[in-house]
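K.L.:
got a sequence here, can you build the structure:
(2 chains)
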Amino acid sequence: MIPVYLCDDEPIWLSALTDLIKGVCSDSGHVFEIQYFSTNPYELLQTLKKEQPERAVFFLDVELKCDMDGIHLAENIRRMNPEYTIVFVTTHSEMAYKTFEYHVEASDYILKDDGNISWQIERCLHHIHEKEMSRKISADNMIRIKNNARQLQLPIKNILFVETIKGTHRLRIHMTDGIQECYSSISDFLNLLDDNFLLAHKAFIVNIRFIQSLNTSDKKIYFTNGEMCPYSVHQYGKIKIALSI
Amino acid sequence: MNQKINLTLNIRNPIQSIDIDMISLVRVLGIALDNAIEASLETPEPSIDFAVLSDNDSVTFLVNNSTLPIPFTPSELLQKGVTSKKEHSGLGLASISEITEHLPNVLFSISCQQDFHLELTIQNIKKKNREVAV
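P.N.:
Reported below is the predicted structural model:
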């Protein structure tokens, strides 16, 4: 069972959401179970610290009438465990918080003023369920890095290559859908990755699954999406073996 | 320009200190917002979310904007001369990355999914040194 925690400052909403989630769970046989609900974010955090579940799902109201709002609460929850799933319960007018939802990596949101809440919850739990299942299959497919106040989770399979930013302790991670910078050294970072990654150059880590070709005249590795990075001649043999060419 | 963009601005707490020279910051944010305005205006429902988060360790600027599908890879976007717009130098994101490369306490990230998302995190240097000293 995956425990579900709720926080909403309005008791009416809190009980309505609790009932709806219970209803959806019993109808569809989902693996979720209401563990705790509160109108007070501090109490929720205290309970969470005590229980420290391995996995958990949170439904958080964005506008809590408290000095800690839903976004801040989500940040605190993230700090305790980056694996937790966070869903914001919000209204159309509060959608201004979209950037923060991205920031705390909320997986979904429920709109209070969008009619069919039961359906929204069902869809949302379904997604979380699927995500949990796929996580089990490919046990550890995320890389967790700390970027100042924020814990980042990147899917390892989306990393094309990683380069050092010259003269600093920063890395630039090139992914299929973005670029992320973080503080780390190339060797520390390589240790976090799986066997598909190797050092192609003292300043570059490459994902062999994305390598399209190796150009010996310009000493560059070409990736399937057209991007490229240099390799060092010392690593040439190793790369060839990894690519079995 | 009389087109409308749905803009939201969120600054959650006062910024106590920020360790970046103002010229770099204004240049970077100017480019980021110009890009966001241009890209969002091409979409049926232009929208930009701009947010600033700060704590004792760092200040983070977040820009999220609606965009048409981007015909470039993320790395291409950071290269000089790459742009999806006609009559445009395409120096925008390349300039940001050039500026931030020289600033060791700044992290610059982009993500191109349904929206275009840009983050600039400026670490508080004094705090960092204190931590190292401990």
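
K.L.:
for chain B, what spans make up the helices?
P.N.:
B:22-41, B:74-77, B:92-101, B:125-133 (DSSP state H).

K.L.:
could you dump those to JSON lines with mean neighbour count and distance to chain A?
P.N.:
Any C-beta I mention is one placed from the backbone N, CA and C, and that applies to glycine too. Formatted as JSON lines, the helices of chain B follow (neighbours: other C-beta atoms under 10 Å in any protein chain shown; distance: least, C-beta to the nearest C-beta, whole Å):
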{"stretch": "helix B:22-41", "mean neighbour count": "17", "distance to chain A": "12"}
{"stretch": "helix B:74-77", "mean neighbour count": "21", "distance to chain A": "5"}
{"stretch": "helix B:92-101", "mean neighbour count": "20", "distance to chain A": "6"}
{"stretch": "helix B:125-133", "mean neighbour count": "11", "distance to chain A": "10"}
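
K.L.:
okay, these in JSON lines with mean pLDDT next?
P.N.:
Shown next, in JSON lines, are the helices of chain B (pLDDT from 0 to 100):
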{"stretch": "helix B:22-41", "mean pLDDT": "94"}
{"stretch": "helix B:74-77", "mean pLDDT": "88"}
{"stretch": "helix B:92-101", "mean pLDDT": "91"}
{"stretch": "helix B:125-133", "mean pLDDT": "54"}
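
K.L.:
who wins for proximity to A:Asp195 among these?
P.N.:
For the helices of chain B, the distance to A:Asp195 is smallest for helix B:74-77, at 24.0 Å, taking C-beta to C-beta.

K.L.:
outside of stretch A:227-239, which residues touch it?
P.N.:
Contacting residues not belonging to stretch A:227-239 are listed as A:160-161, A:163, A:174, A:198-202, A:204, A:206, A:208, A:211, A:214, A:216, A:219-223, B:73, B:75-76 [C-beta atoms under 8 Å, 6 or more residues apart in numbering or on different chains].

K.L.:
write the ChimeraX selection for whichever of those are buried.
P.N.:
In ChimeraX, this line selects whichever of those come out buried by 16 or more other C-beta atoms under 10 Å in any protein chain shown:
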select /A:160,161,163,174,198,199,200,201,204,206,211,214,221,222,223 /B:73,75,76
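
K.L.:
show me the contacts of stretch A:227-239 that map onto helices.
P.N.:
Per DSSP H, those map to helices at B:75-76.

K.L.:
out of the contacts of stretch A:227-239, list just those in strands.
P.N.:
With DSSP state E as the criterion, strands contain A:160-161, A:163, A:174, A:198-201, A:204, A:206, A:211, A:214, A:220-223 from among these.

K.L.:
which one of these sits closest to B:Leu53?
P.N.:
A:His174 (24.8 Å).

K.L.:
ok, now which ones touch the nearest residue to that closest one once chain neighbours are set aside?
P.N.:
Distances taken as C-beta to C-beta, 6 or more residues apart in numbering or on different chains place A:Leu160 nearest to A:His174, at 4.7 Å, with adjacent residues excluded. Residues near A:Leu160 by C-beta under 8 Å, 6+ apart: A:174-176, A:206-207, A:210, A:223, A:225, A:227.

K.L.:
any low-confidence regions in chain A?
P.N.:
A:28-30, A:92-104, A:135-140, A:147-150, A:245 (pLDDT under 70).
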